[in-house]
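Participant: here's a sequence, model it:
(one chain, ligands or ions: 2)
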Amino acid sequence: MNKGKNILCIGAGYVGGPTMAVIAAKCPEYKVTVADIDESRIEAWNSEKLPIYEPGLLELVKKVRGKNLFFTTDIAKGIKESGIIFVSVNTPTKTFGEGAGKAADLQYWEKTARAIVEHAEDSKIVIEKSTLPLRAAEAMHRILHSNTKGLDFDVISNPEFMAEGTAIGDMQNPDRVLIGGMENPSGKKAVKAIADIYAHWVPGGKILLTNVWSSELSKLVANAMLAQRISSINSISALCEKTDADVTEVAKAVGMDSRIGPKFLRASVGFGGSCFKKDILNLVYLCEYYGLPEVAAYWEQVVKINDFQERRFVKNIVRNMFNTIAGKRIAVFGFAFKADTGDTRESPAIYITKMLLEERADLSIYDPEALDNATRDLKDAKGKFELVKDPYECARKAHAVLILTEWDEFKKLDYGKIYASMEKPAFVFDGRNILNHRELFETGFNVFPIGSAKLTHLK
Ligand code: UDX
Ligand code: UDX
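Facilitator: Numbering: from 1, shown residues only. Ligands and ions are numbered 1, 2, ... in the order given. This next block holds a predicted model:
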């Protein structure tokens, strides 16, 4: 068995699954095994209904599953048989003890490192794929070298930059692949082994080799800077609503400056997802830890503006619906944190629906992919709400429709039909600015976009 051609990935989540499916498809001479402690997840990966929704993923998995891509719960066997081990277990924000609310909870990640030490019978290359705090590779290195079997491990940082909904395309055609390694001969050899995998489909110029710490920090900074752009434009959306400026026009005008660029300037109800908030808070914690309170406060503001934007959206609804939404049916369109995914982690919809329930609104919620996750997210929520599988049914007898996710599907609905079925006056609060506001207004709706003037028939 050539273990150097056997890849194991521990953690069959949003990151591990799609990443390994692409590697298996692009590198037929490697055997790729994805292992997870969660039996039901592995069962799902082996079925027709994968545990995550990602465009193109099922087709890709079906091409390689059983050939050179395998899903298993037998982590120990995977470790024994593989020379290359990717670790992509989850690293949520700590909810307890030192650093609670900011630092990463590394317990799963450390358990995984210890499992590698326990089951390895020879030396391995271990790659961190989970986002981790700075110097985590060093800690991983120390745990792995605590082994008494005389084994040597090379630890590599290879952060992922895939966005959900476009994960397969991002992985097949990445802006760059970042590989950080230790600067010694064995570290360099390990980096080359990982670069060789990506070289199957990524041009050399896009494979960036750095030291481990630069690689780890780059991941946090990339996410922090993307989120910062959203908070920047969202802060301006609040100002636009007070003036006659339109945030979409401002974003376009600003983004046409080639130094700024047009992407990630869409004003919204706020950003969500498993990474942005967690990574920024991680960065904040690091800065505090290293005695840089000014830098910490600077980045923390990105998260504070996001919270402000979510609260502001709810306040706007209450204020404009005659200062009360108690007992009023409100239709929520979209629960996923973004379009083309069923993922709801840190979705603005969670916070917004909970705030609406506190106002005693009577909610009906529709999402094309995220209703299962929404059920879980709202299981302890108090108040009246129902999850509905059809958008027209969701809006029936509602006083307002809220757009919380930018699903294409929402643009194509028959709003004349929706309007006719609603209570009057009927409101639309477009938290993603995806609908045709003028048309809605002409249909009879009172329309409240993000960051531009409301269109209302109310005197
Ligand atoms: C994960 C991390 O959360 C994130 O920090 C990083 O940026 C990318 O990797 P994701 O793949 O989205 O993100 O996480 P998730 O979908 O929760 O998958 C993690 C998987 O690891 C789960 O299936 C979980 O069962 C598994 N796991 C967790 C293990 O196999 N062993 C453990 O000890 C803990
Ligand atoms: C992000 C990073 O983009 C990716 O590189 C990293 O690997 C993981 O984290 P993801 O969280 O999947 O990916 O989604 P992303 O497309 O970045 O969107 C994050 C959030 O920002 C979503 O809630 C989205 O709706 C919101 N967003 C995005 C805006 O509100 N406005 C924008 O202009 C862009």
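Participant: any idea how far stretch 444-451 is from the chain center?
Facilitator: 28 Å (CA atoms, centre = their mean, to the nearest Å).
Participant: do the same with stretch 199-215
Facilitator: Distance, centroid of stretch 199-215 to centroid of chain: 23 Å (CA atoms, centre = their mean).
Participant: for this protein, which helix is longest?
Facilitator: Assignment by DSSP state H gives helix 212-242 as the longest helix of the chain.
Participant: and it, what's buried?
Facilitator: 212, 215-224, 226-238, 240-241 (16 or more other CB atoms under 10 Å). Heads up, the C-betas are built off the backbone N, CA and C, glycines and all.
Participant: do it and ligand 2 meet at all?
Facilitator: Yes. Using CB under 6 Å from any ligand atom, we find that helix 212-242 touches ligand 2 at Asn223, Leu226, Ile230.
Participant: for those, which one is nearest ligand 2?
Facilitator: Distance to ligand 2, by CB to the nearest ligand atom, is smallest for Ile230 among the residues of helix 212-242 next to ligand 2, at 4.6 Å.
Participant: my read is that that closest one contacts Phe271, right?
Facilitator: Yes. Ile230 is within contact range of Phe271, at 4.8 Å (criterion: CB atoms under 8 Å).
Participant: joint contacts of these two?
Facilitator: With contacts taken as CB atoms under 8 Å, 6 or more residues apart in numbering, Ile230 and Phe271 have Asn306 as neighbours in common.
Participant: how about the contacts made by the closest residue to Asp408 other than its chain neighbours?
Facilitator: Nearest residue to Asp408, sequence neighbours excluded (CB to CB, 6 or more residues apart in numbering): Ala339, at 6.7 Å. By CB under 8 Å, 6+ apart, the contact set of Ala339 is Gly165, Thr405, Glu406, Trp407, Asp408.
Participant: which elements pack onto the helix or strand following the longest helix of the chain?
Facilitator: Later in the chain than helix 212-242, the nearest helix or strand by DSSP states H and E is helix 247-255. Applying 3 or more CB pairs under 8 Å, 6 or more residues apart in numbering; DSSP states H and E, one finds that helix 247-255 contacts helix 212-242.
Participant: quick check, distance from the helix it packs on to the centre of its chain.
Facilitator: 14 Å.
Participant: for stretch 24-39, same thing?
Facilitator: The gap between where stretch 24-39 is centred and where its chain is centred comes out at 22 Å by CA atoms, centre = their mean.
Participant: equivalent analysis for stretch 23-36, please.
Facilitator: Relative to the mean C-alpha coordinate of its chain, stretch 23-36 is positioned 23 Å out (CA atoms, centre = their mean).
Participant: begin at 382 from here
Facilitator: OK, 382 is where the count begins now, so the last one is stretch 404-417.
Participant: which residues are in contact with that stretch?
Facilitator: For stretch 404-417, contacts defined as CB under 8 Å, 6+ apart pick out 386-394, 397-398, 401, 423, 426, 441, 444-445, 448-456, 459, 462-463, 553, 578, 581-582.
Participant: I'm done for today, thanks for sticking with me.
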